[in-house]
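Chemist: Need coordinates for the below:
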Amino acid sequence: MTTDRLLLAEALTNFIAAIGLVAYLVQIARNRTRSQLERRLSIFLSSMVAIFVMRGIHYSFGASETVKSVVLFFSALWPFAMVLFIEGLLRRHFHISIKILSFTGALIIGAWALSVKANGAFFASLVGFQVVVLAIVAWVTLKRDPSTLSESENRYINGVGIAAMIAVPLLVSDFRSVFHWEVPRMGALGGLVFAYALLKLSEKRRKRDIGKELAYIFAVDLIGASVFCLIWQDFRSFNVACLLILTLHFFILLLKQLVLQERSQVQDWVLSLVESIQSEKVKDIVDFHGVLTQRLGSQSIYPVTEQDLSGFDIDGLKSLVKGSAVLDLSLLKKANPQSEAGQQMAYLLESHQMNQVHVIGEEPLYMILVNAPAIGNASDYQNEMQILKSFLSLIQRKAHE
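Modeler: You can find the predicted model right below:
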């Protein structure tokens, strides 16, 4: 395996990963009402995109000190972006000392990267800073109070932790030149793996644990790389083959997930609810709401009952939604003149960072708020919500018999 071939493979890996993460960012940007977590995730992903693009340029065109300094600058900012993302994931503020540490460290080391040629002391400081912040974030996450989050949110966070355990060693491999390791630099692959895991974890009907799924993908690709090298009788290129095959595989999976997620996220959630409603023998609207809450998507779906609408004009809201399957935030805000009930409904959506109201029941009032994409499969949401509406209607009829 020649050095030129390895550098080319590493450059391609970084460019491919950057394209994949940009596609993820575009999907987030398309949401008219982005959640706080999605905004923080955008910062986190953007920092990785900047690193991967600059690294790709650096590996492709040689050791330019300017490009190298920019790469190290964004590497110094990355821990602070991670703190913001995990804070949003846990839905709780980190202690101010953690924020000060990550922010101050990012500024100092980032300024150091831009002003002085990197040396052993700089790399030791950068690695130490990243390790310390990562360890603190991991500790806070492990010591969280599970009762403050829903069951689905705790499962999501646990899955993110498993994905991070796989991605972090790949990210550490980027310090090959510092520690003189004989491995390819796979940090960009780690970014792709982590992004793919985030998308998969949002599915409500995953058939396989995320850790097992990632391990299966790695095993299949390692076997594929071995077969490739055996056919070409060139095992010196095994590292390059593994790196490129894994990168392309996760890139394709990420794009596929981005295309399918808009349709499958709500549909899979509804189908899993229907299965639970049937298996748990739901008898009334209280049981129905309990099943929905247990399987609640933390960021994109939120059920609302009459009891949740204290202070709202219930009769006005019922009149507003009467005969409607779905109400859209943009249409509510464009209405002229805008009724008081319309203003209240718009406020309800904006306060939960959602943009659609799906009416499941009118008496008593039961609605599901959805954060739907700006362009996508809103009509499919109506079809799936109609299933829930039919089930709730059937449950209410049986309850009155």
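
Chemist: can you map out the strands along this protein?
Modeler: For the chain, strands defined by DSSP state E occupy the ranges 301-305, 326-328, 356-362, 365-370.

Chemist: want to throw these into a markdown table with mean pLDDT, mean neighbour count and distance to Ile245?
Modeler: The C-beta positions use only the backbone N, C-alpha and C, and glycine is treated the same way. Output for the strands of the chain, formatted as a markdown table (pLDDT from 0 to 100; neighbours: other Cβ atoms under 10 Å; distance: least, Cβ to Cβ, whole Å):
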| stretch | mean pLDDT | mean neighbour count | distance to Ile245 |
| --- | --- | --- | --- |
| strand 301-305 | 80 | 20 | 36 |
| strand 326-328 | 79 | 18 | 44 |
| strand 356-362 | 82 | 22 | 40 |
| strand 365-370 | 83 | 23 | 38 |
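
Chemist: Output those strands in CSV; the columns should cover distance to Leu198.
Modeler: CSV is the format used below for the strands of the chain (distance: least, Cβ to Cβ, whole Å):
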stretch, distance to Leu198
strand 301-305, 17
strand 326-328, 27
strand 356-362, 23
strand 365-370, 20
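
Chemist: Let me know the pLDDT of Asp268.
Modeler: You'll see Asp268 listed with a pLDDT of 59.

Chemist: One more: Glu384?
Modeler: Note for Glu384: predicted pLDDT of 68.

Chemist: What of Arg34?
Modeler: For Arg34, the pLDDT comes out at 61.

Chemist: now do Ala138
Modeler: At Ala138, pLDDT is 88.

Chemist: oh, and call the first residue 18 from now on, that's how I've got it
Modeler: I'll keep to 18 as the first residue from here, and by that count the last item is Ala155.

Chemist: how is the protein carved up into domains?
Modeler: Under the assignment automatic domain parsing, the domains of the chain span 20-277, 318-416.

Chemist: could those go into TSV alongside distance to Val291?
Modeler: Below are those laid out as TSV (distance: least, Cβ to Cβ, whole Å):
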stretch	distance to Val291
domain 20-277	11
domain 318-416	6
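
Chemist: And these, which one averages the lowest pLDDT?
Modeler: domain 318-416 (a mean of 76).

Chemist: Let me see the contact set for the nearest residue to Gln44 once chain neighbours are set aside.
Modeler: Setting aside the residues directly before and after it, Gln44 is nearest to Leu275 in space (Cβ to Cβ, 6 or more residues apart in numbering), at 5.4 Å. Residues near Leu275 by Cβ atoms under 8 Å, 6 or more residues apart in numbering: 40-41, 44, 216.

Chemist: what sits against Val200?
Modeler: With Cβ under 8 Å, 6+ apart, Val200 has these contacts: 190, 193, 256.

Chemist: how much space between the residue lying closest to the first one once chain neighbours are set aside and Leu263?
Modeler: In space, Ser190 comes closest to Met203 once its chain neighbours are excluded; the distance is 4.6 Å by Cβ to Cβ, 6+ apart. When Cβ to Cβ, to the nearest Å is the yardstick, Met203 and Leu263 sit 8 Å from each other.

Chemist: Look at those two and report which has more neighbours.
Modeler: Higher neighbour count among Met203 and Leu263: Met203, with 26 against 23, using other Cβ atoms under 10 Å.

Chemist: Looks like the more buried one contacts Val185 (just checking).
Modeler: No. Applying Cβ atoms under 8 Å, one finds Met203 not in contact with Val185, separated by 11.0 Å.

Chemist: which residue packs closest to Trp26, ignoring adjacent ones?
Modeler: Quick fix: residue 26 reads Ala, not Trp. Closest to Ala26 by Cβ to Cβ, 6+ apart is Val257, at 4.5 Å.

Chemist: number of nearby residues for Phe61?
Modeler: 24.

Chemist: check contacts around it.
Modeler: Taking Cβ under 8 Å, 6+ apart, we find Phe61 in contact with 98-99, 101-102.

Chemist: Now tabulate those in CSV and tack on neighbour count and distance to Ile153.
Modeler: Putting the contacts of Phe61 into CSV (neighbours: other Cβ atoms under 10 Å; distance: Cβ to Cβ, whole Å) gives the following:
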residue, neighbour count, distance to Ile153
Ala98, 21, 15
Met99, 21, 10
Leu101, 21, 14
Phe102, 22, 14
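
Chemist: Could you check how far the residue nearest to Phe120 when sequence neighbours are not counted is from Phe267?
Modeler: Take Phe120 and drop its neighbours on the chain: the residue closest to it by Cβ to Cβ, 6+ apart is Phe97, 5.4 Å away. Look at Phe97 and Phe267: by Cβ to Cβ, they are 26 Å apart.

Chemist: The two: who's more crowded?
Modeler: Of the pair Phe97 and Phe267, Phe267 is the one with more neighbours under other Cβ under 10 Å, namely 27 against 22.
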